[in-house]
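Visitor: The sequence and its predicted three-dimensional model are supplied below.
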Amino acid sequence: MPNLLPRIFVTALIVLGVYEAVLRIAAPNVNSSPDQYTANAIRLESYVDGGARAPAVIVGSSLSARIPPDAWPQGWRVLSQADGSALTGLSVVAATHPLPARVLIEANFLDSGANPSDIENATGAVPRRLRAALWLTRRAFRPMNIIVWALRRLNPSDEAAPANFPKILKLQQNGFAKAPDAGTRSRLLPVKALVDQFRQEGVPVAFFEMPVDASLGNMPFASGRRALYETLFPKSTYCWLPIAGTNWRTVDGIHLLARDGRKAAGTLAAAACEGGV
Amino acid sequence: MLFTSSAFFAFLAAVFAIYYLLPGRWQSCWLITASLFFYAFDNPRLLALLLAVAAVDVVFSRQVVRGRNPRAWAAAGVAINLGVLAFFKYNRLLGITFPSLLSAQSGPVHTLLLLPLPIGISFYTFHGISLLLDTFRPGPARDDVSSARGFGEHAKNTLLYVSFFPQLIAGPIVKAHQFYPQIGAKRFGDIDWDKAASALIVGYFLKVVIADNLSQQTFWIAYPYFQGYSSLNLVVFLIGYSAQIFADFAGYSLIAIGLARLFGYQLPINFNFPYIAETFSEFWTRWHISLSSWLREYLYYPLGGNRKGTARTTLNLMTVMTLGGLWHGAAWSYAIWGFWHGAALVGERATRGTRFYASRHWAIRAVRMALVFAVVTAGWLLFKLPHVSDAAAFAVALYSNTGLRTARSTVFIVAIYVLPVALYHAHYLMRRRAQARGAVAVLDGAAKPVVLGLLLSAIALNPGPPQSFIYFQF
């Protein structure tokens, strides 16, 4: 008979049991992760497990995901996926009931494909039951996430553009100099299908474009996409919300500094209310 | 099928249960069937190539033992294995170097040049070469092949050796003379559960908790993201990648060793705490041991090793290391990586008589260790950034980004995940010191199940996003 195995398993069970008990007692409201993949998953899981009807859901890319969570109005849920797609967020919203009061779609990078495993992990019946029964299976409650969350509470970041910003902006400009490729339109069709589904179910949907550095806004990549959106989601039929303002400051050309992110979130929320979305 | 996927755990449970329910004479056949299923799971078409290479190994190794001209059969078999490996490794490089070959939109040449690299090919062709060379030379593998009761038994043993699923995709590269003597009936009661569990838990911890989480931080080494980070951040990322690639590959190797033990087979260790090495030559006796010993045995020694003078030794070292680099893939960065290590080995040989290498003082030994770690870690940049121009841009950023503000949280997170790798190596040093005193290190004694239990908890509580093993790409 093995000698080590029983003692290994007993130790592990004790550790897991104690950890679960501490989570139940402390119930920390964790929304941070040291990596963007896990942060994406935490956003999806907390939305699905939240239960209540959200007044608004925002889906999109890292451009909206990186806005400080407290910049949004009370109850608004952000399902934007850094290095991911709006389609993942839309799919999770479509699979979760009750549906939100409205859906706002960030359109800067709309054509990335959905991540099926993230959608399944967030909305699947087994993972959901597991998360309800054992809190330690929730991604938000991974020890490293709790450490990072605690550190960020103690020492909030004071983001600033790096000293080599011009060099980074030049790299972004190189990327934005290319027009969207021929496959972009077909990759947008699943988004259109879900948007039309929401509209049929009576959920108002609005698009918005996150502000980026002024030098990028009208380059072929951005203008080519706008032209494409005009054919699929024309402003005469679909609601497009403006984010008014100029001189937006970014970390790297596309991600707003925290202060400007707050301003953009406030402007968007006001536009949504004024536009009746 | 990833070792970390739920599909693999279901597969393992079924294979393991049936394996020990079967009579001994059927166990090898069952293991072969399971291994072929494992290999074909993601892409069944790749199975044809594996079977074709295995068939060559079966026929040619048999002829080496039984045929009239064993040298010719061995040479031809080795050439076929190397040819298959070279073709699939370098077909794309050919297409990139001679774009005119790809100018046609279709056709057999176009198709052949764009064939993807079959997973595990670098490992199973090296198994084939080892079999052919080991049957050519007197030894246990030759005895086992010649004593096989018939062609069928030899074919079965060879297919098991080439396809054994724990080591099929990324090693360890097991030499034929190490594996053939182990083939036979296995009993459930003979499983060394303690060693299997230790290897599996440490292996999964290194892979799932350390490597997969670090990959989310070292992601920023990619071009052009690193441009936005300070020099200190970039150094920390590099150290993180050094820990990640160790945890990823050593973790995989330990999982393979643990799995093999569950089926009654012992695979050689592949990593022996490489980052405590005080010299580059010692590093290569501790890192990817199965590849480095394979290259030493089947390439460096046949070339003359260090027995033919300084100039020839230098040439042999540079040749073996550069070829070892190119074994990883068809990119100049891998050749440069091999050259980098070859140059380090040559430089070390030239300065070996100095006081720096002769000293036993702990501080000098620590400096030697740090030097080896620094040079090895710098070399990993060529693995992370296979485009040489990107690696050069990273090196420039390392020097020019000193004025940028350091992202302290990133430093902290990388440090937390690097710490267990450092402790893992420190434990080895403590064990060595304890053994010198005739004692048992604390973590090898009563504390061992507690530590393994903690590691198991960490696997459950803090896994990183699932990532493919880095060495699968080779």
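Guide: Nice, thanks for sending it over. Numbers count the residues shown, from 1 in each chain, chains lettered A, B, ... in the order given.

Visitor: For the residue of the stretch 201-350 of chain B found nearest chain A, list the residues it contacts.
Guide: Scanning the stretch 201-350 of chain B for proximity to chain A using CB to the nearest CB identifies B:Q216 as nearest, at 3.2 Å. No exception for glycine: its C-beta is placed from N, CA and C like everyone else's. Each residue near B:Q216 by CB atoms under 8 Å, 6 or more residues apart in numbering or on different chains is listed here: A:P34, A:D35, A:Q36, A:Y37, A:T38, B:G464, B:P465.

Visitor: Also A:W149?
Guide: A:P28, A:V30, A:N31, A:S32.

Visitor: Which SSE is immediately downstream of the one helix or strand it maps to?
Guide: Using DSSP states H and E, A:W149 falls within helix A:143-154. Using DSSP H and E, the helix or strand that follows helix A:143-154 towards the C-terminus is helix A:165-176.

Visitor: mind checking how far the residue in chain A that chain B sits nearest to is from B:F339?
Guide: Shortest chain A-to-chain B distance, computed as CB to the nearest CB: residue-wise this is A:T11, at 2.4 Å. Going from A:T11 to B:F339 by CB to CB, to the nearest Å gives 47 Å.

Visitor: my guess is A:I105 is in a strand, correct?
Guide: Yes: applying DSSP: H, G, I helix; E, B strand; the rest coil, one finds A:I105 inside a strand.

Visitor: neighbours around the closest residue to it other than its chain neighbours, how many?
Guide: In space, and not counting its chain neighbours, A:I105 is closest to A:F207: 5.0 Å by CB to CB, 6 or more residues apart in numbering or on different chains. Neighbours of A:F207 under the rule other CB atoms under 10 Å in any protein chain shown: 21.

Visitor: Ok, B:V78 next?
Guide: Residues lying near B:V78 (other CB under 10 Å) number 20.

Visitor: Hmm, it is touching B:L132, no?
Guide: Yes: taking CB atoms under 8 Å as the definition, B:V78 is a contact partner of B:L132 at 5.4 Å.

Visitor: Give me the pLDDT value at the residue of the stretch 201-350 of chain B closest to chain A.
Guide: In this model, B:Q216 is scored at 90, pLDDT.

Visitor: now stretch B:344-352: mean pLDDT?
Guide: For stretch B:344-352, the per-residue pLDDT averages 90.

Visitor: List the buried residues for that stretch?
Guide: Within stretch B:344-352, the residues scored as buried using 16 or more other CB atoms under 10 Å in any protein chain shown are B:A344, B:L345, B:V346, B:E348, B:R349.

Visitor: I'd like to know which of the residues you listed are part of helices.
Guide: Secondary structure assignment by DSSP state H places B:A344, B:L345, B:V346, B:E348, B:R349 of those in helices.

Visitor: Distance to chain A for the residues you listed - can I get that in JSON lines?
Guide: Shown next, in JSON lines, are those (distance: CB to the nearest CB, whole Å):
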{"residue": "B:A344", "distance to chain A": "32"}
{"residue": "B:L345", "distance to chain A": "37"}
{"residue": "B:V346", "distance to chain A": "37"}
{"residue": "B:E348", "distance to chain A": "37"}
{"residue": "B:R349", "distance to chain A": "41"}
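
Visitor: from these, which two are the most distant?
Guide: Pairwise distances across those peak at 9.9 Å for B:A344 and B:R349 (criterion: CB to CB).

Visitor: Run the chain-centre distance for whichever strand or helix holds B:W340.
Guide: B:W340 is located in helix B:332-350, with elements delineated by DSSP H and E. Between the centre of helix B:332-350 and the centre of its chain there are 19 Å (CA atoms, centre = their mean, to the nearest Å).

Visitor: what's downstream of it, the next helix or strand?
Guide: Sequence order places helix B:355-358 as the next helix or strand after helix B:332-350, per DSSP H and E.

Visitor: tell me which strands and helices that next one is in contact with?
Guide: Here helix B:355-358 touches helix B:362-384, going by 3 or more CB pairs under 8 Å, 6 or more residues apart in numbering or on different chains; DSSP states H and E.

Visitor: elements contacting the helix it packs on?
Guide: Under the contact definition 3+ CB pairs under 8 Å, 6+ apart, helix B:362-384 sits against helix B:231-262, helix B:280-283, helix B:332-350, helix B:355-358, helix B:388-400.

Visitor: Per the annotation, how does chain B divide into domains?
Guide: B:6-190, B:193-473 (automatic domain parsing).

Visitor: What about B:P302, how many residues nearby?
Guide: 11.

Visitor: Does it fall in a helix, a strand, or a coil region?
Guide: Under three-state DSSP, B:P302 comes out as coil.

Visitor: any idea how far A:P242 is from A:G89?
Guide: Using CB to CB, A:G89 is found at 22 Å from A:P242.

Visitor: okay, how far is it across stretch B:458-468, tip to tip?
Guide: For stretch B:458-468, the first-to-last residue distance is 20 Å (CA to CA, to the nearest Å).

Visitor: again, but for stretch A:70-83
Guide: 21 Å.

Visitor: now that stretch: how far from the chain's centre is it?
Guide: With CA atoms, centre = their mean as the basis, stretch A:70-83 stands 6 Å off its chain's centre.

Visitor: Need the phi and psi values for residue 218.
Guide: You didn't say which chain, so I picked chain A. Torsion angles at A:N218 (phi, psi; degrees, to the nearest 10) stand at phi -120, psi 20.

Visitor: meant chain B, my bad for not saying
Guide: Main-chain torsions, B:T218, degrees, to the nearest 10: phi -70, psi -10.

Visitor: With A:D118 instead?
Guide: According to degrees, to the nearest 10, A:D118 has phi -60, psi -40.

Visitor: What is the neighbour count of A:C273?
Guide: Neighbour count for A:C273, taken as other CB under 10 Å: 11.

Visitor: Which helix or strand contains it?
Guide: In this structure, A:C273 sits in helix A:258-274 according to DSSP H and E.

Visitor: what's the spacing between that helix and its chain's center?
Guide: With CA atoms, centre = their mean as the basis, helix A:258-274 stands 16 Å off its chain's centre.

Visitor: Contacts made by that helix with the rest, please.
Guide: In this structure, residues lying in contact with helix A:258-274 by CB under 8 Å, 6+ apart are A:56, A:66-68, A:71-73, A:76, A:102, A:104, A:157-159, A:206, A:208, A:210-211, A:241-245, A:248-250, A:256.
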